[in-house]
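# model this:
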Amino acid sequence: MATLPLTCSPSSSFPVRFQKQKLLTSNYVKCCEDILGFQKMTVKTTGNGFVSFEEKTSVIKSVPALPPRPRRLILVRHGESEGNVDETVYTRIADPKIGLTKKGIVEAEECGRSIREMIEKDGADDWKIYFYVSPYRRTLETLQALGRAFERSRITGVREEPRLREQDFGNFQDRERMRVEKAIRLRYGRFFYRFPDGESAADVYDRITGFRETLKADIDIGRFQPPDARNPNMNIVIVSHGLTLRVFLMRWYKWTVHQFERLNNLGNGKMIVMERGYGGRYSLLMHHTDSELREFGLTDEMLTDQEWQKFARPGELNYDCLITGPSFFTHFDG
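This is a model prediction of the structure:
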């Protein structure tokens with residue numbers, strides 16, 4: 001194989017200069033070691049004088065295809081808690097330490113059985129499940145109770161995720177003061193109102209944005225299964241709190257503040273399902289009916305977008321979506 005000496009210039013924006021005449025008559029060019037002692041690199045020339053780097057090309061070709069996206073993202077609100085029954089509990093027990101009632105444990109167990117029923121209807125034998133959970137006691141207890149519906153072989157993992165915690169209402173709460181603050185929130189706006197020493201829904205939105213990026217990265221790298229596995233029947237369950245889950249959906253589907261403020265809380269121990277559609281994106285209409293989603297608070301425009309989500313592919317944009325497009329501009333109406 002013929003080789004050519006190359007002149008390496010550290011100060012040049014393109015540090016390697018080829019001797020043109022010999023380059024055009026040679027099939028291979030071997031780069032000299034530079035002043036830092038880096039390994040030599042073989043470059044193959046093409047017929048028109050351009051070069052290709054074989055090492056780089058082989059690396060690109062060896063990149064594996066992305067793993068299949070999980071079949072579902074299942075959002076679960078914790079079962080009935082002591083605080084749901086008696087608001088004075090918040091004055092004595094720290095919010096993260098409030099547990100489930102006996103009824104709440106039953107609700108969580110029923111939710112686990114409902115999730116398993118839904119998955120088994122797919123008819124796949126190799127289905128698996130992976131959990132993300134808020135670190136609060138009531139969500140951890142919900143996870144433990146609903147997890148009884150699954151054998152160890154079905155569960156691929158659990159991650160405790162602090163960004164999925166409840167909206168912070170402050171530390172030990174004064175019951176009367178909270179009543180006043182919640183009344184003020186109705187006038188100020190449910191999304192932007194920040195409780196003293198606590199958070200607004202907008203603050204929750206910021207941390208959920210970070211969690212969404214983590215979740216997306218986990219989906220892209222196939223964190224939920226072994227490196228060589230390509231199981232398309234993975235199901236992700238996120239066990240969290242009412243407002244946090246509404247904010248998650250708002251962030252995922254790019255709903256407006258006005259649309260968020262129309263949404264209703266899920267019931268204790270209830271779930272809302274984002275299922276992979278025909279093109280690969282997640283749609284609420286793959287599992288839920290129009291009437292169920294309207295009861296949750298979705299408008300006609302939001303349902304139209306969910307219908308689009310059923311068939312669209314990841315990376316595509318809905319340019320006709322009224323949520324993010326034409327509805328912001330009134331001068332089009334004329």
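# what are the ranges of the helices in the protein?
Taking DSSP state H as the criterion, the chain contains helices spanning 20-24, 54-61, 82-85, 102-120, 137-146, 175-188, 201-221, 242-253, 257-260, 290-296, 300-309.
# Check the gap between Tyr319 and Glu301 for me.
Plainly put, Tyr319 is 14 Å away from Glu301 if you go by C-beta to C-beta, to the nearest Å. Bear in mind the C-beta positions are built from the backbone N, C-alpha and C, glycine included.
# Between the two, which is the more surrounded one?
Summary of the neighbour comparison: Tyr319 and Glu301, criterion other C-beta atoms under 10 Å, with Glu301 having more neighbours (15 against 8).
# Quick check: Tyr253 touching Asp305?
Yes - under the criterion of C-beta atoms under 8 Å, Tyr253 makes contact with Asp305 at 6.9 Å.
# before we move on, back to that, any idea which of the helices of the chain is most buried?
Among the helices of the chain, helix 137-146 has the highest mean neighbour count (mean count of other C-beta atoms under 10 Å), at a mean of 24.
# what's the spacing between it and its chain's center?
When C-alpha coordinates are averaged (C-alpha atoms, centre = their mean, to the nearest Å), helix 137-146 and its chain have centres 21 Å apart.
# pLDDT of that helix, averaged?
Mean pLDDT, helix 137-146: 98.
# What of stretch 241-254?
For stretch 241-254, the mean confidence score works out to 98.
# would you list the helices of the chain in CSV and tack on distance to Leu266?
As requested, these are arranged in CSV below (distance: least, C-beta to C-beta, whole Å):
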stretch, distance to Leu266
helix 20-24, 67
helix 54-61, 45
helix 82-85, 12
helix 102-120, 10
helix 137-146, 12
helix 175-188, 19
helix 201-221, 15
helix 242-253, 6
helix 257-260, 14
helix 290-296, 8
helix 300-309, 16
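# Quick one, which of the ones you listed gets closest to Ile129.
The closest approach between Ile129 and any of the helices of the chain, judged by C-beta to C-beta, belongs to helix 102-120 at 7.4 Å.
# got a list of contacts for that closest one?
For helix 102-120, the external contacting residues (C-beta atoms under 8 Å, 6 or more residues apart in numbering) are 71-72, 74, 76, 78-81, 84, 100, 127, 129, 138, 141-150, 233, 235, 237, 268-271, 273, 287.
# List buried residues within the residues you listed.
Neighbour-count burial within the contacts of helix 102-120 applies to 71-72, 74, 76, 78-81, 84, 100, 127, 129, 138, 141-147, 149-150, 233, 235, 237, 268-271, 273, 287; the criterion is 16 or more other C-beta atoms under 10 Å.
# on that earlier part again, wait, which of the helices of the chain is closest to His331?
Using C-beta to C-beta as the criterion, the shortest distance between His331 and those is 18.9 Å, found for helix 300-309.
# just checking, what packs against that closest one?
In terms of contacts (3 or more C-beta pairs under 8 Å, 6 or more residues apart in numbering; DSSP states H and E), helix 300-309 is packed against helix 242-253, strand 282-283, helix 290-296.
# ok, 7 Å please
If contacts are counted by 3 or more C-beta pairs under 7 Å, 6 or more residues apart in numbering; DSSP states H and E, helix 300-309 sits against strand 282-283.
# Tell me the strands beside the strand it packs on, with direction?
When pairs are called by DSSP bridges, strand 282-283 turns out to pair with strand 271-276 (antiparallel).
# give me every residue that touches the residue lying closest to Glu161 once chain neighbours are set aside.
With C-beta to C-beta, 6 or more residues apart in numbering as the criterion, Glu161 has its nearest non-adjacent residue at 4.9 Å, and that residue is Tyr132. Neighbouring residues of Tyr132 by C-beta atoms under 7 Å, 6 or more residues apart in numbering: Arg159, Glu161, Leu164, Ile238.
# partner residues bridging Tyr132?
Arg159, Ile238.
# Could you report the separation of it from Thr214?
9 Å.
# Over to Thr142?
Thr142 sits 21 Å away from Thr214, taking C-beta to C-beta as the criterion.
# Quick check, pLDDT for Gly315.
At Gly315, the pLDDT value in this model is 88.
# Now it: phi and psi?
phi 90, psi -20 (degrees, to the nearest 10).
# For it, the count of nearby residues, please.
Here the count is done by other C-beta under 10 Å, and Gly315 has 7 residues near it.
# Over to the one 5 residues further on?
Other residues near Asp320 come to 11 when the count uses other C-beta under 10 Å.
# Excluding chain neighbours, what is closest to it?
Closest residue to Asp320 in three dimensions, ignoring its sequence neighbours and counting by C-beta to C-beta, 6+ apart: Pro326, at 7.6 Å.
# try Tyr90
The spatially closest residue to Tyr90, leaving aside those adjacent along the chain, is Gln173, at 4.2 Å (C-beta to C-beta, 6+ apart).
# so that neighbour sits right up against Ile93, yeah?
No - counting by C-beta atoms under 7 Å, Ile93 is not a contact partner of Gln173; they are 10.2 Å apart.
# okay, the two: which has more neighbours?
For Gln173 and Ile93, the more surrounded residue by other C-beta under 10 Å is Gln173, and the numbers stand at 22 against 15.
# Next one: the more buried one from Ala149, what distance?
Counting by C-beta to C-beta, the gap from Gln173 to Ala149 is 34 Å.
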